[in-house]
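Trainee: After the sequence you'll find the predicted model.
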Amino acid sequence: MFKKILIANRGEIAVRIISTAKEMGVKTVAVYSDFDKYSLFTQIADEAYHIGESPSAKSYLKAETIIEVAKKSGATGIHPGYGFLSERGFFAKMCEENGIKFIGAGYKAIDLLGSKTEAKTLALKNNVPVVPGTEKPLTDVSEIKKISKIIGYPVLIKASAGGGGKGMRIVRKEEDIESSLRMAQSEAKSSFGDDSVFIEKYIESPRHIEFQILADEFGNVIHLGERECSMQRRHQKIIEETPSVIMSPELRTEMGECAKRIVKAAGYSNAGTVEFIVDKNNKYYFLEVNTRLQVEHPITELRTGLDLVREQLKIASGEKLSFRQEDIEFKGHSIECRICAEDSEANFMPSTGKITYMKNVLSNGMREDTGIVQGNEISVYYDPMISKLLSHGADRKTAIEKMKRALRDYKLVGIKTNISFLLSLLECKEFINGNYHTQFIENEFLKRESELTKPDEDTAAAVSLAGMLFKEKANGRKISTNHSNNTLKNNWIKKRVENYR
């Protein structure tokens, strides 16, 4: 086992990794930017080293600097967390070349699975279903039109590298191919430095279901069940749960075996996630492999009783998996809500500033993963997620009720948050019934909420008149309310003007 590791990350995931390392008796080294000097993770680590300015490009993405700190501190392993350098094959290779263990997948597996086209080819070779489409990157417009016609519209133009919804365009008719291709390629080039794309059939209103896997360096692979991640906005997950309401034991076994097959074929080791999309008929298709620990990994921990960070450290230190697939027991239901610093009533604009008050009340079966404490600042430099709130109950209804209570009791002053939005989602009938998909929030929920909050004609007229009245009163003049020919409406407006006065 490691004696000392460096965490090449920040915030809640750095705190999460440090906590498990301490329990295992492993010393920890934190690296921090200017902004993070007094952050929680730097305070609880055994050592902390400054690595640069606040922008991540000048700190947390400085691979050579991080390697130098690891050498200087005597850390023999580096845990990348998620984001930043966690899925960069070159960084894993740099660690290996410098005699430092990268606590994650090997660089060859990262590079192989990091290419959507190569991953898709690997899936096909191993009898894992994929969405109909091209296996190689394309740039020629005429070829793209020809293939799209064969596949059938709608199609999805998708960047070969990257994710998070960048470099993606849905095309519903041939005349939109050229403009959509230009936009997708431009976005892919600026985001990932690679403008290659591939084409695939667009699956309408799918579910996003992923399988957590663990693989040791001796060829043993297991899965830890699925996570339902369909509650998304702009391709970003907001609420996750496990198990999925659509999952049967047979489907879980089938999809789990597919997940195991593809990572084993890639020569994968450590923790990872295999993502699928599932259509309305429960037909599933391979999407991609995330070669790192996922943000939402704690709901799997709550349901299985395993500590995934502990397992990562054990695997990276050369230990075999200590359990078999049949040893894994799934208990109850778990939900995660991501609390973010954003104003859900102002088109989810980021909210920055100092948290002047912070309090949560966690009952039995609740957990919070956060890197924020009262007095901390929320910055423009990093992801707006403040906290991951998690519930676990004997069944789904219990887990939902626990989460709702915890969100209502959660107090944050100084910034705007999405807590009320999360509560609205948990209380909507589609979530309660488990009848939702990846486009539900944008295509149904937000549109419906907008209609409910839009003032009707009479209300709008009253608001406008109240504004006029305010101006007239300010100028010392009296306003007439006899401008309407509609007697009923005029009386309605008069009453509200009287209320205003």
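Mentor: Okay, I see it. Numbers count the residues shown, from 1 in each chain.
Trainee: where are the low-confidence patches of the protein?
Mentor: 162-164, 450, 452-501 (pLDDT under 70).
Trainee: remind me, longest strand of the protein?
Mentor: Looking across the chain with DSSP state E, the single longest strand is strand 221-233.
Trainee: who does that strand touch, helix- and strand-wise?
Mentor: Applying 3 or more C-beta pairs under 8 Å, 6 or more residues apart in numbering; DSSP states H and E, we find strand 221-233 packed against strand 207-215, strand 236-242, helix 249-265, helix 297-304. Glycine gets a C-beta too; all of them are placed from N, C-alpha and C.
Trainee: Swap in 10 Å and give it another go.
Mentor: Using 3 or more C-beta pairs under 10 Å, 6 or more residues apart in numbering; DSSP states H and E, the elements in contact with strand 221-233 are strand 207-215, strand 236-242, helix 249-265, strand 270-278, helix 297-304, strand 333-340, helix 419-427, helix 440.
Trainee: Parallel or antiparallel, list what pairs with the fourth one.
Mentor: Same thing as strand 270-278. If you go by DSSP bridges, strand 270-278 pairs up with strand 207-215 (antiparallel), strand 284-290 (antiparallel).
Trainee: so the shortest one versus helix 249-265, what angle?
Mentor: Same thing as strand 284-290. 40 degrees (axes from the mean of the first three to the mean of the last three C-alpha atoms, to 10 degrees).
Trainee: Just the buried positions in strand 284-290, please.
Mentor: For strand 284-290, burial by neighbour count (16 or more other C-beta atoms under 10 Å) applies to Y284, Y285, F286, L287, E288, V289, N290.
Trainee: and what of stretch 259-273?
Mentor: For stretch 259-273, the neighbour count (16+ other C-beta under 10 Å) marks A259, K260, R261, I262, V263, A266, Y268, S269, N270, A271, G272, T273 as buried.
Trainee: Using CSV, please lay out the residues you listed together with distance to C340.
Mentor: Shown next, in CSV, are the buried residues of stretch 259-273 (distance: C-beta to C-beta, whole Å):
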residue, distance to C340
A259, 29
K260, 33
R261, 35
I262, 32
V263, 30
A266, 33
Y268, 31
S269, 33
N270, 28
A271, 24
G272, 25
T273, 21
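Trainee: Can you give the domain ranges for the chain?
Mentor: Following automatic domain parsing, one gets these domains for the chain: 4-103, 105-130+204-331, 132-201, 332-453, 457-500.
Trainee: What is the stretch of helix or strand I78 belongs to packed up against?
Mentor: Assessed by DSSP states H and E, I78 sits inside strand 77-79. Strand 77-79 is packed against strand 4-7, helix 11-23, strand 27-33, helix 63-73, helix 89-97, strand 101-102, helix 308-316, with contacts defined by 3+ C-beta pairs under 10 Å, 6+ apart.
Trainee: Which one of those lies nearest to E442?
Mentor: Ranking the helices and strands packed on strand 77-79 by proximity to E442 (C-beta to C-beta) places helix 11-23 first, at 26.1 Å.
Trainee: picking up where we left off before, in its sheet, what does the strand holding I78 sit against?
Mentor: When DSSP bridges is applied, strand 77-79 pairs with strand 4-7 (parallel), strand 101-102 (parallel).
Trainee: Could you dump these into JSON lines with mean neighbour count and distance to S334 added?
Mentor: Shown next, in JSON lines, are these (neighbours: other C-beta atoms under 10 Å; distance: least, C-beta to C-beta, whole Å):
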{"stretch": "strand 4-7", "mean neighbour count": "25", "distance to S334": "25"}
{"stretch": "strand 101-102", "mean neighbour count": "22", "distance to S334": "29"}
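Trainee: For R396, which of these is the nearest?
Mentor: For these, proximity to R396 was assessed by C-beta to C-beta; strand 4-7 is nearest, at 33.9 Å.
Trainee: now the closest one: how far from the chain's centre is it?
Mentor: Here the centre of strand 4-7 is set off from its chain's centre by 25 Å, with C-alpha atoms, centre = their mean, to the nearest Å.
Trainee: What of stretch 355-362?
Mentor: Averaged over its C-alpha atoms, stretch 355-362 has a centre that lies 23 Å from its chain's centre (C-alpha atoms, centre = their mean).
Trainee: buried set for that stretch?
Mentor: For stretch 355-362, by 16+ other C-beta under 10 Å, it's I355, M358, N360, L362.
Trainee: swap in stretch 186-200?
Mentor: Under 16+ other C-beta under 10 Å, the buried positions of stretch 186-200 are E187, A188, S191, F192, D194, D195, S196, V197, F198, I199, E200.
Trainee: hang on, the earlier thing: wait, which of the helices and strands packed on strand 221-233 is closest to S59?
Mentor: strand 333-340 (21.7 Å).
Trainee: Can you list the strands that the helix or strand that that closest one is followed by pairs with?
Mentor: Toward the C-terminus, strand 333-340 is succeeded by strand 342-343 as the next helix or strand (DSSP H and E). Partners of strand 342-343 in the sheet, by DSSP bridges, are strand 349-350 (antiparallel).
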